[in-house]
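Q: I need the structure of the sequence given here:
(3 chains)
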Amino acid sequence: MYKKVTPPYFGAAYYPESWDASQMDEDIAMMVKAGVNCARIGEFAWVNMEPAPGQYDFSLFTECVKKLRDAGLAYVMGTPTCTPPAWLSTTYPEILQMNHAGVRQTHGARRLCCVNNAVYLDYCDKIVEAQAKVFADGSEAAENLIGWQIDNELHYNSPDEYDCCCPDCKKAFHGWLKEQYGTIENMNNCWGTATWSQRYDTFEQVPTPVKDLWHHPTYKTDWQRFRAWSYTRFAARQAEILKKYSSAPIGTDMMPLYWLDHEEMNRALDIVQTTEYRAPGQLDDLPMWFSYYWNLKDKPFWVVETACSWAGATVPLWRNPVGYCRANTWLPMAFGSDAMMYWLWRTHHSGQELGHGAVVTTWGRPSHIFGEVQQVAAEFEKAGTFLTETKPIHNGLAMHFSMDAARTAENQLLSVDLKSYNHRITATYIAFREAQMNPEVLDPVHDLSGYKVIMSPYLTCIEHKGLRDRLKAWIEAGGTWIAGPYTDVRNKWDGLYKEAPFGVLEDWADIRCDYTIPHGEDIPVHCTDGQTVSGSVVFDALVCGPTAKSLATYQEEGFLKGYSAVTVTPMGKGKIVVVGTIVPTDTLVKLVTNLGIAPSVKADSNVAVVPRAGDTLRGWICVEIKNRPGKMQVPSDCVDLLTGVSYKKGAWVELPAYGVAVLQA
Amino acid sequence: MYKKVTPPYFGAAYYPESWDASQMDEDIAMMVKAGVNCARIGEFAWVNMEPAPGQYDFSLFTECVKKLRDAGLAYVMGTPTCTPPAWLSTTYPEILQMNHAGVRQTHGARRLCCVNNAVYLDYCDKIVEAQAKVFADGSEAAENLIGWQIDNELHYNSPDEYDCCCPDCKKAFHGWLKEQYGTIENMNNCWGTATWSQRYDTFEQVPTPVKDLWHHPTYKTDWQRFRAWSYTRFAARQAEILKKYSSAPIGTDMMPLYWLDHEEMNRALDIVQTTEYRAPGQLDDLPMWFSYYWNLKDKPFWVVETACSWAGATVPLWRNPVGYCRANTWLPMAFGSDAMMYWLWRTHHSGQELGHGAVVTTWGRPSHIFGEVQQVAAEFEKAGTFLTETKPIHNGLAMHFSMDAARTAENQLLSVDLKSYNHRITATYIAFREAQMNPEVLDPVHDLSGYKVIMSPYLTCIEHKGLRDRLKAWIEAGGTWIAGPYTDVRNKWDGLYKEAPFGVLEDWADIRCDYTIPHGEDIPVHCTDGQTVSGSVVFDALVCGPTAKSLATYQEEGFLKGYSAVTVTPMGKGKIVVVGTIVPTDTLVKLVTNLGIAPSVKADSNVAVVPRAGDTLRGWICVEIKNRPGKMQVPSDCVDLLTGVSYKKGAWVELPAYGVAVLQA
Amino acid sequence: MYKKVTPPYFGAAYYPESWDASQMDEDIAMMVKAGVNCARIGEFAWVNMEPAPGQYDFSLFTECVKKLRDAGLAYVMGTPTCTPPAWLSTTYPEILQMNHAGVRQTHGARRLCCVNNAVYLDYCDKIVEAQAKVFADGSEAAENLIGWQIDNELHYNSPDEYDCCCPDCKKAFHGWLKEQYGTIENMNNCWGTATWSQRYDTFEQVPTPVKDLWHHPTYKTDWQRFRAWSYTRFAARQAEILKKYSSAPIGTDMMPLYWLDHEEMNRALDIVQTTEYRAPGQLDDLPMWFSYYWNLKDKPFWVVETACSWAGATVPLWRNPVGYCRANTWLPMAFGSDAMMYWLWRTHHSGQELGHGAVVTTWGRPSHIFGEVQQVAAEFEKAGTFLTETKPIHNGLAMHFSMDAARTAENQLLSVDLKSYNHRITATYIAFREAQMNPEVLDPVHDLSGYKVIMSPYLTCIEHKGLRDRLKAWIEAGGTWIAGPYTDVRNKWDGLYKEAPFGVLEDWADIRCDYTIPHGEDIPVHCTDGQTVSGSVVFDALVCGPTAKSLATYQEEGFLKGYSAVTVTPMGKGKIVVVGTIVPTDTLVKLVTNLGIAPSVKADSNVAVVPRAGDTLRGWICVEIKNRPGKMQVPSDCVDLLTGVSYKKGAWVELPAYGVAVLQA
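A: Numbers count the residues shown, from 1 in each chain, chains lettered A, B, ... in the order given. Below you'll find the model as predicted:
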């Protein structure tokens, strides 16, 4: 009898279509041995599901899910639209993406179709509907279905490449622009096309991009937004079809890439799905994304792909140390995932991705991390209730993470020394994570209530998604907003404000910025607490008005002599801190501490600690992420659910390299 | 009452078309406050001047120049042909450049049209003629017009990119080749197409270039010459139209790029216009170019664009130290400019070039260098008479600077260690500038009379522009010519001479070059004055004939053992020095000193000193260019026109970092 | 009277078509003075041989070979198909190669035609046949003809560029695939197209490649094999025509590039021709290739191009030290070449390759290495009998070198740290060469009999060319096979075996590989002889069965703890050594020594020593290849044929930098 699998979901991607049907039993038996409870299937198998136009055949997959069910496993079903059959891509070559130079992709790769092409969309509709019917609510196959995944990594690969530039996309772009701007006059005004005679008379005149051409930055931003919108629309279209037949939650697997519209994409979907392939030395990058994912739906997200040992499509990219698999599996769970699936179950025997590590080898033997997988499975069993009955809690601190800001910074790099928005935001998050002050990571769309301090560094524009008004209300109601550097410096269309360097900062903070000087060597900045630190990359020359107070002053003989670098100003019941240069992250942490935010626990910086609480339970999940020993002092009596060891309040939990503890109070 | 503005012209590029018309008064009031006396306008405003085909409307600009005039300011008017309106580029896509792979540019950038396309040329003719009529001699608008600028940076961006390869260019190229060579047989002979069966039967068979194809170097050189000729012809065509209506001097703004034909371009124009964007550490590169520009017309040139603070189109590229703006403004004036205009007056609020620094911020506040601009304006007032009544004078030393040599070196790099022609020539000039021996920088076309010593390093071919015969006559009449390294080693078509390693050097200098060995490690060279220095990059194995004398000999056990590296030979009343390897620049300075050229003054190497004289006045302009203190000893009693301080002969003028002195004797 | 020239052939490439006909006498007189005995002509002169369609004119070349003959020189004649005349490439632009993006090459370069285009093939047939008739057996011109060279560097330039992708190639590719696989089902199975819905329904659906697309690795490999096959077929077609008229041996000049099918190309040809342009510091790379070339035909090969001083097409790439020319000329002779020709005789005066060094300068003077050329000519005279009467002999050691393995490693890099197959194989060879154990270098096709130990590192697949069965038989008959690392890990279509990590290694060697862990830091490996060395790049976790014995064990606390890294197992009368990680090359040498292979002589590592023997003569040719003194101890009494000096057994022959000795016992 099949017993419904409940979270935490734990499994791997499985491709029965690549193997002899006879091997399925062996594979599933091995899954049972590993202790996983689900498989993720179907995402690339269009040709198996529709071997010839209109001839649908899902038998391989209905058989597979039946065998999984019989073995007690659930599954996630993928729609196969990422990889069209050859009969489709060669009969209708116009469905293939065309690059900026007019060169089309060819059969034999993936994500190669244009999501704005009518023929492709029609065939997608049909295969998805056929599939939805087979795995519909009430069908035998639906019994162990836990969710849908739409397509695969449904996005463009790089903002520099411009993605598909085919005639269908051109037409769709014109439509999208009309939708955005209404009239061409309005678009000209918003973009600022007066320079270089760029003014358009009609939307139809707007070209698709050409690589190496010096395009208008707002044009580039809008092209990228249009591309993201195209994929969002494509996913929503599939979701609509699936929902007609299935109530299983729907998502789509997106990489943590800063140029993707996770927020917009997930609006029409039910569950945030993500993939992550961080090498052992890069685990630190992830918690920021996990917090962002959680907040997108305010509920658990799914990590539907990660490496159990090493990533490496055409070539293995790293070697995993002992414990990496376990720590990498626990880390997202700590931060709010309730599904963790490896890519992939069994290494391929052919094709483009031979270099990837897996749970089982091509020849069916356990790979070297099989034992860690079994250990994690057992641990999920032990800590299952704690995981599902609690969720990460915050300490009043939040920070903004904005894809719009990332795009702006990418298209008109604000300083050659800024590197990238992503790099700076991640570094900021990590500093607070290391100080055990994990900020909540918010999209600008999110509600601000409940936070005491919100940081918005590099948030070039605060007008997107109505943030400005909500920010004002929240500050006036008592919030403390830390703005800058590079915040409120662009309007919604990436242009500068014509009246002042900021949209509202001078007004709100009672300051004047005489000028902003870009990059070059660091400049000493003297803080009111007596410390002198380095300002870098950008330098606002700030002057305080009567209600503002300087917190830091430039110390140099040049153009910035005597100007303020950081200010604080009361605003309603709250206050606003303006940061006019990039200060060291520990200076920022100190600033936030002075504003009344306390660390949640005392722990080494290499230990990621997530305080969690639910209706009845509370505690901490701790994961060592730097492959060296670390420790945490427990704030109250507690027990480690994994080991059964009890700790008295004030005791130190010692974690070995890549160690994990689930401490229930 | 408008009082005619006279040099020195001092101003900035101003784009009223990018702003509300209402803002013009504020901008011009700010210009008056800054102390500038002119603005440069119009260069990108085609769509404003011709909003629809044939509908001309110059009212924005006639109003602007009227307001400028009312405020006492002059203006330079640009023709707007760099940026076609969308109605033009979308109605006739064939006017857009096509790259080597057949991909066309699109609307939304600049300098994107093919200057060999008939439709584009026709529309250019019409807009320029319409504009010329409005700003014609005798019109109200002409009263404060001080000059015309044709188009903008009218040239290809890089010799590697091949520029426009469209069918119109192909046809024009065939015509140009016919013009150059007369018959296809002659072209085959000149190019040397016998190798690899490259011989052409007709001009029409000659292709446009394909990137990454291993093209014949002479083909590449001719393609580049053809491109340069296309732009020269394009500018001349506009100049002809403008001259029908206006007597204001005409020029076109060209960057100091070594692959542009400044000399040929300026033949049909009245005034050499240039742009320069050198970072604080690179000011040293400029004096060579300024001297070259002066000599193109033997009269003051104009710097029509420079950064007042930092350059940076999409991203700010540097931070300017205090004093940089002033020193960078004075430097070209010292070397013979009489117009200095910043790019730009007010930072943009949108578009591709947001990252550029300006005199005034987007929001209308003075930028941090506003005070330096005001200071320079006041100083130009004080030193105005000295500037206009004197010009730079020389001490008998000159050097050649040849775009043909640069192209040859680019297309068939003479040694991997040569780096580039430009790099080597600049290093040579700087060595003499630092020794206070500023050489005149001559195009090969220029008259040689009046010089005592002329250096022609890396002048691969001396046959261009009839130089060889003029050189011979000048040497025989008493001049001393320093030839080499890499001089006279190619014929006019970049081929080697078949009879000897040089065209005439062996003959003229009574030497024999047994062989030339390229690059590798340095080789010690022993000079007759007892010093041993390093030879590098290229090594001619020279043997002296009866009348020649060795000045330096290789010291090694290899193939160069005992050969001369440098020789001197009497020739008529003059002499010829052959330099067969790259010797250190100070060795070269010493050699020239021994030939009787003396430093003009005694001063630190970081102080650029320009001796100037006129009918009644003489003196020195000194600019510190390395951002550190420096000093100069005055050769006679003089007064600093900027400070009023007097100096006795032999006194030391102390300059602070980026300091300037205008010393009138 | 012409006296037939016999090996060693010694000469240079000569291009009379690039010069006035009158100069031929002077050039040939200079050849006589240099002491060379042959010239290599014709390879690029199509337009001279067929100035207009169907008008053949070989008079320049019949005259040239007559003059050569009169001067006692032989010649190699090239077919001119590498460089079509302009009348051909402009009348039929479809003969020009088209790149992956659809851009065609243009006239004016070389190797620019598509070898699968019917028009081109037809014109090639006709010119080759016309040429073959003129230089046919029995003609006057054939008297001093010593061989044919087909086309020039007849191959694609880089596996990354995909070469010609035109419609003719697409069609030919489909035909080739059909030939290879028979049915599309079989191709799908062999490639493994089940992943990503890549399955093809027909051969016609298979596309030509697109750059930057993530192609299936087997597709890439097959595309490359198809390209190589296309060139092989093209050469064979010419060879067939030539053989109808001429009995002179036919070859084609191929660079030592690891992605070319030297073995397949040379099947239809008579003599292995190669070119090499190694800088002074790279001579060490060559012996491996020379040994491979010898074994392709088991007879002397020809080096038809090498630099006498420096290579450098567009720019000189190095400076040659004294002695380099001589050592570089002797080195291939030592290893079995019997023809040595410089590229080129006289430096060009125009065209793409001006930067190349030559024996004589453009202006007809001896270049600096002329004396070395004369010296070598004299030495070939002295040692001629020894050279022709002996050949290199081996000591029982061989290693495999496989273009198939190289392609696999290129298309699915086995580890990011592997660098390249070529790099690793070369390093292995050099270690043995330095230990004076020169292995024979074998293509997998070659007979294994006669060898005692054969190494096959990085031989990813042992199924090609029937090697597996022959290996088995050879081992069982007493051979010792050293397999790995990375050996037997892929099937014939670059896929993994589904049953085991190796095809047969576990079986043959009685081992089990629990898993393979890729790259990362080195891991200590403890050898049974007590030494601890570093394992690197890849790590097989080996477990010995009852008959296997561990020779080395990993020393770490991680996943490899206690596993064997190297094992040895008896197999029939022989044994098999499995190497599961990359051990230092000296460890490998030690292993081979322990297996009973002895150095041939005692000599410094910088002295390449080739033992040679014939029916009556035996001895050693020694070449110093690192430009520093070196010595060798003679194993028996002998005389240096070049100096006449005699050595007693045990004496040390001292070689100066780049010294050469031909020691006859």
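Q: C-alpha only now, for contacts and for neighbours.
A: Will do.
Q: where do the helices sit along the stretch 501-650 of chain A?
A: A:505-509, A:585-594 (DSSP state H, counting those that start in this stretch).
Q: Let me see the mean pLDDT of the last one.
A: Read that as helix A:585-594. Mean per-residue pLDDT for helix A:585-594: 96.
Q: Equivalent analysis for stretch A:544-558, please.
A: 97.
Q: just how off-centre is that stretch within its chain?
A: Averaging C-alpha coordinates over stretch A:544-558 and over its chain gives two centres that are 37 Å apart (C-alpha atoms, centre = their mean, to the nearest Å).
Q: Check which residues of it are buried.
A: A:544, A:548, A:549, A:550, A:551, A:552, A:553, A:554, A:555 (16 or more other C-alpha atoms under 10 Å in any protein chain shown).
Q: Quick check: the farthest pair among these?
A: Between any two of the buried residues of stretch A:544-558, the greatest separation by C-alpha to C-alpha is 19.7 Å, found for A:548 and A:555.
Q: Hmm, residue A:242 is touching residue A:127, no?
A: No: under the criterion of C-alpha atoms under 8 Å, residue A:242 makes no contact with residue A:127, lying 10.9 Å away.
Q: Those two - which one has more neighbours?
A: Neighbours were counted for residue A:242 and for residue A:127 using other C-alpha atoms under 10 Å in any protein chain shown; residue A:242 has more, 26 against 22.
Q: how would you label the more buried one: helix, strand or coil?
A: Taking DSSP: H, G, I helix; E, B strand; the rest coil as the rule, one finds residue A:242 in the helix state.
Q: my guess is residue A:305 meets residue A:339, correct?
A: No: with contacts defined as C-alpha under 8 Å, residue A:305 does not count as touching residue A:339, sitting 9.8 Å away.
Q: Find the residue at the geometric middle of chain A.
A: Centroid-nearest residue in chain A, with C-alpha atoms, centre = their mean: residue A:256, separated by 3.8 Å.
Q: so it is in which element?
A: Using DSSP states H and E, residue A:256 sits in no helix or strand.
Q: got it, and residue A:309?
A: Secondary-structure element containing residue A:309, defined by DSSP H and E: none, the residue being outside all helices and strands.
Q: What of residue A:372?
A: helix A:370-389.
Q: Cross-check the contact I'm expecting between residue A:490 and residue A:499.
A: No: between residue A:490 and residue A:499 there is no contact, the gap being 11.7 Å when judged by C-alpha under 8 Å.
Q: For these two, work out which one has more neighbours and name it.
A: Set side by side, residue A:490 and residue A:499 show unequal neighbour counts under other C-alpha under 10 Å, the larger going to residue A:490 at 24 against 12.
Q: residues touching the more buried one, list them.
A: Residue A:490 makes contact with A:460, A:461, A:496, A:497, A:502, A:503, according to C-alpha atoms under 8 Å, 6 or more residues apart in numbering or on different chains.
Q: give me that answer again for 10 Å
A: Residue A:490 makes contact with A:405, A:408, A:459-463, A:496-498, A:501-503, B:349-350, according to C-alpha atoms under 10 Å, 6 or more residues apart in numbering or on different chains.
Q: Could you confirm residue A:120 falls within a helix?
A: Yes: with three-state DSSP as the criterion, residue A:120 is part of a helix.
Q: what's around it, how many residues?
A: Taking other C-alpha under 10 Å as the neighbour definition, residue A:120 ends up with a count of 21.
Q: Give me the distance between the closest residue to chain C within the stretch 501-650 of chain A and residue A:437.
A: Per C-alpha to the nearest C-alpha, the residue of the stretch 501-650 of chain A with the smallest distance to chain C is residue A:627, at 13.0 Å. Between residue A:627 and residue A:437 the distance, using C-alpha to C-alpha, to the nearest Å, works out to 21 Å.
Q: Neighbour count for the two, which is higher?
A: The neighbour count for residue A:627 versus residue A:437, taken as other C-alpha under 10 Å, is higher for residue A:437 (26 against 19).
Q: quick one: that one from residue A:596, how far?
A: Noted for residue A:437: a distance of 11 Å to residue A:596, by C-alpha to C-alpha.
Q: Quick one: the helices in the stretch 251-400 of chain A, in order.
A: A:262-267, A:286-297, A:324-334, A:370-389.
Q: Now do the third one: which elements does it pack against?
A: It stands for helix A:324-334. The criterion is 3 or more C-alpha pairs under 10 Å, 6 or more residues apart in numbering or on different chains; DSSP states H and E, and the helices and strands that helix A:324-334 contacts are helix A:286-297, strand A:301-306, strand A:337-342, helix A:370-389, strand A:390-392, strand A:607-614, strand A:618-624, strand A:660-664.
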